[in-house]
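Undergrad: based on what follows, work out the 3D shape:
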Amino acid sequence: MGMSWKSTRAGYGWLSISLHWLMLLLIVAVYATMDLKSIFPKGSPSREAMAIWHYTLGLSVFLLVWLRLLIRFAGSDPAIEPALPAWQALSAKAMHWALYALMIGSPLLGWLTLSAKGTPVPFFGAELPALIGKSRGLAKWFKEIHETFATVGYFLVGLHAAAALYHHYVKRDNALRLMLLGR
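TA: Below is the predicted model of the structure:
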């Protein structure tokens, strides 16, 4: 019998695991496209391509996070063994919800920024509708918050990865193994 798509107390389902790692790759690509954009001259086709990929991949994260949340609510949270102290369990929950907030908030702020600039919102060759009307002041404000979220995102993703490695190599619990296919 194969692994279920749905998470149980015994472990994450294959769909949760697959989406977790896919979204990590997407988030890395979102950051990479933004950082790589700066190496190309302003107005160049390469710089524009990096920006379009940044928008498209960021919006992909935004769409997939809703699927992840649905799957999360459809199943159970797997048990970490040995059980975590209460403060670590609470910290883990807070980290997960902070990451969800990042995966929803950052792309939404990017979409709002482009909308307020009056710039097209590209998504795999299609153009998404503007969420708000053109406003230079709002565009600047949304962009600043979006960039702050991006900075916080480096910290959250890094802390999440460090915690997983700490649990695996120091605590020697099953936290990281729960998120591996074929465990």
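Undergrad: so who does the residue lying closest to A175 once chain neighbours are set aside touch?
TA: Closest residue to A175 apart from its sequence neighbours, by CB to CB, 6 or more residues apart in numbering: H167 at 3.9 Å. For glycine as for every other residue, the C-beta is placed from the backbone atoms N, C-alpha and C. By CB atoms under 8 Å, 6 or more residues apart in numbering, the contact set of H167 is 80, 173, 175-176.
Undergrad: and T119, how far from S44?
TA: Here T119 is placed at a distance of 17 Å from S44 (CB to CB, to the nearest Å).
Undergrad: who has more neighbours, the two?
TA: Neighbour totals were compared for T119 and S44, and T119 leads with 14 against 11 (other CB atoms under 10 Å).
Undergrad: any chance of the contacts of H167 in a markdown table, plus secondary structure and neighbour count?
TA: A markdown table is the format used below for the contacts of H167 (DSSP: H, G, I helix; E, B strand; the rest coil; neighbours: other CB atoms under 10 Å):
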| residue | secondary structure | neighbour count |
| --- | --- | --- |
| I80 | coil | 18 |
| D173 | coil | 17 |
| A175 | coil | 20 |
| L176 | coil | 18 |
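Undergrad: can I assume K42 sits in a helix?
TA: No. Under DSSP: H, G, I helix; E, B strand; the rest coil, K42 sits outside any helix and is assigned coil.
Undergrad: now it: phi and psi?
TA: phi -60, psi 140 (degrees, to the nearest 10).
Undergrad: quick check, N174 in contact with E81.
TA: Yes. In this structure, N174 is within contact of E81 by CB atoms under 8 Å, at 5.3 Å.
Undergrad: so the two - more neighbours on which side?
TA: More crowded of N174 and E81, by other CB under 10 Å: N174, with 18 against 11.
Undergrad: buried residues in stretch 68-75?
TA: For stretch 68-75, the neighbour count (16 or more other CB atoms under 10 Å) marks 68, 71-72, 75 as buried.
Undergrad: what's the closest non-adjacent residue to the residue most central in space within the chain?
TA: With distances taken as CA atoms, centre = their mean, M103 lies nearest the centre of the chain, 3.9 Å away. Spatially, and ignoring its direct neighbours in sequence, M103 is nearest to V65 (4.1 Å; CB to CB, 6+ apart).
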